[in-house]
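Colleague: sharing a model that was predicted from the sequence below.
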Amino acid sequence: MDSYNGLTMFAPTDAAFAALKPGTLNSLSSQDQIQLMLYCVLPRFYSLSMLTTLSGPVNTQASGADGPYKYKIKPSNNNVNISTGVNWALLSTVVSKDFPLAVYSVDKVPLPYELFGPKPPTPAPAPAPAPSKSKTKKHKKSTGIAEPPAADDTTAADTAKKAAAAATGVSRWVAAAGVLGGAIFAGLF
């Protein structure tokens with residue numbers, strides 16, 4: 001079953017827009033400007049007396065069913081304050097009070113916390129890892145069989161020494177294989 005609950009709109013006055021810092025609205029993306037407009041609309045009809053009974057966060061058209069972009073509405077004498085977390089506005093005049101649309105003028109542009117609240121600090125880049133201390137490793141004497149090089153933090157000179165040692169081990173292995181292969185080949189004839 002569909003039901004229509006009406007709408008309530010908080011319409012900032014011309015003076016409210018004039019009081020904004022120059023460029024405030026133009027600095028918003030098109031999507032953020034739409035969010036700001038939707039933020040000024042509640043997804044149901046509220047008479048002034050109904051607004052004075054509200055407590056806790058109140059959804060807006062920008063918040064959807066349970067998202068951000070909410071108001072805290074508080075009664076103030078015979079009027080109502082709406083708080084955004086960034087600023088607060090006072091309902092100043094009832095423009096329309098007949099279901100399905102209630103329109104109230106407000107003395108400030110409601111600035112949603114999600115758009116105008118403090119931004120979280122940008123995380124600092126991770127510090128570079130500390131250089132590891134190079135430990136001299138004892139090298140095994142070559143047994144005639146090449147071993148894969150061990151991963152470590154070495155200098156170019158150490159790398160050259162290891163490459164030479166590996167080449168020597170490989171050449172010994174090739175020479176030994178050649179002698180063994182020659183002996184096997186000679187034994188066949």
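Modeller: The structure has been received and is ready for your questions.
Colleague: V58 is in contact with Y71, isn't it?
Modeller: Yes - using Cβ atoms under 8 Å, V58 and Y71 qualify as a contacting pair, with a distance of 4.7 Å. Every residue, glycine included, has its C-beta placed from N, CA and C.
Colleague: quick check: which element contains the residue nearest to S76 when sequence neighbours are not counted?
Modeller: Closest residue to S76 in three dimensions, ignoring its sequence neighbours and counting by Cβ to Cβ, 6 or more residues apart in numbering: L90, at 6.9 Å. Counting by DSSP states H and E, the secondary-structure element that holds L90 is strand 88-98.
Colleague: can you list the buried residues in that strand?
Modeller: W88, A89, L91, S92 (16 or more other Cβ atoms under 10 Å).
Colleague: can you name the next helix or strand after that strand?
Modeller: For strand 88-98, the succeeding helix or strand toward the C-terminus, using DSSP H and E, is strand 101-106.
Colleague: can you list the buried residues in that next one?
Modeller: Residues A102, V103, Y104, S105, V106 are the ones in strand 101-106 that count as buried (16+ other Cβ under 10 Å).
Colleague: read off the pLDDT value for the closest residue to Y46 other than its chain neighbours.
Modeller: The shortest distance from Y46 to any non-neighbouring residue, by Cβ to Cβ, 6+ apart, is to T8 (4.5 Å). Confidence at T8, expressed as pLDDT, is 94.
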